[in-house]
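> need a structure here:
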Amino acid sequence: MPLSTVKPELYSQQLTSKAERIARQFSEFEPPELQLFDSPPLNFRVRAEFKIWHEGDDSFYAMFNREEPKKPVRVDTFPIGSKLINSLMSNLMSEVRDNPLLRQKLFQVEFLTTLSGESLITMIYHKALNNDWQSAAQSVQSKLNTQIIGRSKKQRMILSKDYVTETLLVNGRQYHYQQIENSFTQPNAEVNQKMLSWALSNSATLGGDLVELYCGNGNFTAVLAANFNNVLATEISKTSVRSAHYNFEMNGIENIQVARMSAEDFSSALAGEREFRRLKDINLSSYEFSTVLVDPPRAGLDAATTQLISRFDNILYISCNPDTLHQNILELNPSHRIESFAIFDQFPYTDHVECGIMLKKRKGIK
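Predicted coordinates for the structure are as follows:
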């Protein structure tokens with residue numbers, strides 16, 4: 001996203017245009033009135049990454065336009081980044097410029113920050129990192145009050161820890177999340193809180209048991225567990241599964257089980273088509289599933305998973321791609337109607353939009 005498009009004075013107008021576009025795209029399904037959840041117009045991104053460009057004695061953060069992919073655009077301030085990211089950017093670059101050990105062959109820096117004030121910086125190099133680099137980086141880590149990780153080919157040097165702990169406030173309750181370096185986390189934490197609140201409110205009266213596909217580090221799982229007797233969540237990433245378990249324990253949540261498997265394999269298991277060793281300690285027949293939550297990647301749901309979720313009375317669908325969402329809703333529309341529809345502006349000043357849809361099974365459909 002070119003930073004020249006960041007114009008806070010036009011934010012409300014741009015968001016209205018997004019809402020109108022989404023309302024038109026889904027009008028054939030006759031949904032209820034679209035709920036709109038906005039973002040802070042500035043300082044909303046809690047994670048960011050930049051290339052590092054070196055010219056003579058100078059080094060600076062750089063981004064690239066698609067039109068001129070080889071021409072660096074200097075970035076000294078990042079208005080959509082959190083205030084903590086902007087502070088760290090300036091202070092880190094001062095240290096890099098003054099220290100050849102930190103500067104030489106540094107080609108990328110990634111920042112991960114939280115609403116709770118924690119931060120982690122990953123510095124990525126085209127060279128092997130040695131004890132001298134580690135000593136210099138530890139000095140910077142202490143000076144900037146952050147966590148630093150060094151990366152190079154086949155090397156990952158963790159100076160103290162490889163995660164931050166985020167604290168989100170949802171309907172008056174605090175939830176704590178371990179967020180691990182180089183793993184997916186929501187980029188807009190303020191909007192994430194609104195997404196979680198929306199999902200919690202829309203599932204408040206459903207009861208029964210919940211199954212969640214693509215649970216990640218348990219972002220939604222931890223919050224929604226309060227509305228259900230039991231929750232079974234699936235996730236394919238080992239790192240995310242470990243983090244999810246850690247987060248549930250940290251929040252004192254005991255009614256969740258996690259199966260490390262793909263949504264496709266879980267669909268097959270739930271349909272009774274195959275048995276999986278990863279489910280040997282989970283008795284699927286003991287659950288009384290009434291609701292399914294899906295938060296798929298941009299490609300949306302495959303045909304088998306769409307068929308699977310159509311069996312549930314209630315479907316909570318979080319989507320980062322309105323086009324694949326529309327296609328999936330087209331397939332679900334014969335059996336389900338849209339009960340609630342919302343957009344969450346995770347990415348201001350872009351065409352991207354996150355959607356949330358609550359579907360209920362139509363009367364007379366088994």
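> and R260, what is it in contact with?
T234, E235, I236, K238, V241, R278 (CB atoms under 8 Å, 6 or more residues apart in numbering). Glycine gets a C-beta too; all of them are placed from N, C-alpha and C.
> again but with K238, I slipped
By CB under 8 Å, 6+ apart, the contact set of K238 is R260.
> Quick check: phi and psi at V211.
When read as degrees, to the nearest 10, the backbone of V211 gives phi -120, psi 130.
> before we move on, the earlier item: ok, the contacts of R260 vs L92, which is closest?
K238 (30.4 Å; CB to CB).
> ok, so what distance separates the closest one from C215?
13 Å (CB to CB, to the nearest Å).
> how close does H245 get to I357?
29 Å.
> Could you check which of these two has the larger neighbour count?
I357 (24 against 16; other CB atoms under 10 Å).
> show me the contacts for the more buried one.
With contact set as CB under 8 Å, 6+ apart, I357 has these partners: P31, I315, L316, Y317, S319, L325, I329, I338, S340, F341, A342.
> Give me the pLDDT value at it.
pLDDT recorded at I357 is 98.
> can I assume it sits in a helix?
No: assignment of I357 by DSSP: H, G, I helix; E, B strand; the rest coil gives strand, placing it outside any helix.
> State the distance from it to A137.
The value you get for I357 to A137, if CB to CB is used, is 45 Å.
> Check E55 too.
Distance of E55 to A137, computed by CB to CB: 23 Å.
> Got the confidence number for the residue nearest to K83 when sequence neighbours are not counted?
Once flanking residues are discounted, K83 sits nearest to N43: 5.3 Å by CB to CB, 6 or more residues apart in numbering. Reported pLDDT at N43 in the predicted model: 97.
> what residues does the helix or strand bottoming out on mean pLDDT in the chain touch?
Ranked by mean pLDDT, DSSP states H and E, the helix or strand of the chain with the weakest confidence is helix 263-270, at a mean of 81. Contact with helix 263-270 is made by 211, 213-214, 234, 259, 261, 274-276, 279, 284, 294, 296, 301-302, 304-305, 307-308, as judged by CB under 8 Å, 6+ apart.
> what do you get if the cut-off is 6 Å, keeping everything else the same?
L213, T234, R274, F276, L279, A304, T305, L308 (CB atoms under 6 Å, 6 or more residues apart in numbering).
> Identify the residues contacting the last one.
To tie it back to what came earlier, the one meant is L308. Counting by CB under 6 Å, 6+ apart, L308 touches S267.
> A helix includes it, no?
Yes: per three-state DSSP, L308 lies within a helix segment.
> So which bits of the strand or helix carrying L36 are buried?
If you go by DSSP states H and E, L36 is part of strand 35-37. Buried residues in strand 35-37, defined by neighbour count with 16 or more other CB atoms under 10 Å: F37.
> Which secondary structure elements does that strand sit against?
Where contact means 3 or more CB pairs under 6 Å, 6 or more residues apart in numbering; DSSP states H and E, strand 35-37 is not packed against any helix or strand.
> What strands line up against that strand, and which way round?
Here strand 35-37 has these sheet partners by DSSP bridges: strand 336-344 (parallel).
> any idea how far the partner strand is from the chain center?
Strand 336-344 sits 20 Å away from the centroid of its parent chain (CA atoms, centre = their mean, to the nearest Å).
> Ok, stretch 59-71 next?
Using CA atoms, centre = their mean, the offset of stretch 59-71 from its chain centre is 25 Å.
> gap between the two ends of it?
15 Å (CA to CA, to the nearest Å).
> and the residue nearest the centre of the chain, what pLDDT?
Central residue of the chain (CA atoms, centre = their mean): Q186, 2.8 Å from the mean position. Turning to Q186, the model gives it a pLDDT of 92.
> Find the nearest non-adjacent residue to it, please.
N192 (4.0 Å).
> Share the number of residues neighbouring the one you found, please.
With other CB under 10 Å as criterion, N192 counts 23.
> Give me the phi and psi angles of it.
Dihedral angles (degrees, to the nearest 10) for N192: phi -60, psi -40.
> wait, it sits on T185?
No: N192 is beyond contact range of T185, at 8.6 Å (criterion: CB atoms under 6 Å).
> Export only the CA atoms of stretch 245-255, formatted as PDB.
Taking Å, rounded to 0.1, in the frame of the first residue of the first chain, the C-alpha atoms of stretch 245-255 are listed here in PDB:
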ATOM      1  CA  HIS A 245      -2.700 -24.700  24.200                       C
ATOM      2  CA  TYR A 246      -0.500 -22.100  26.000                       C
ATOM      3  CA  ASN A 247      -3.100 -19.400  25.500                       C
ATOM      4  CA  PHE A 248      -6.000 -21.500  26.800                       C
ATOM      5  CA  GLU A 249      -4.000 -22.400  29.900                       C
ATOM      6  CA  MET A 250      -2.900 -18.800  30.400                       C
ATOM      7  CA  ASN A 251      -6.600 -17.700  30.300                       C
ATOM      8  CA  GLY A 252      -7.800 -20.500  32.600                       C
ATOM      9  CA  ILE A 253     -10.000 -22.100  29.900                       C
ATOM     10  CA  GLU A 254     -10.600 -25.800  30.200                       C
ATOM     11  CA  ASN A 255     -13.300 -26.800  27.800                       C
END
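> Noted, bye for now.
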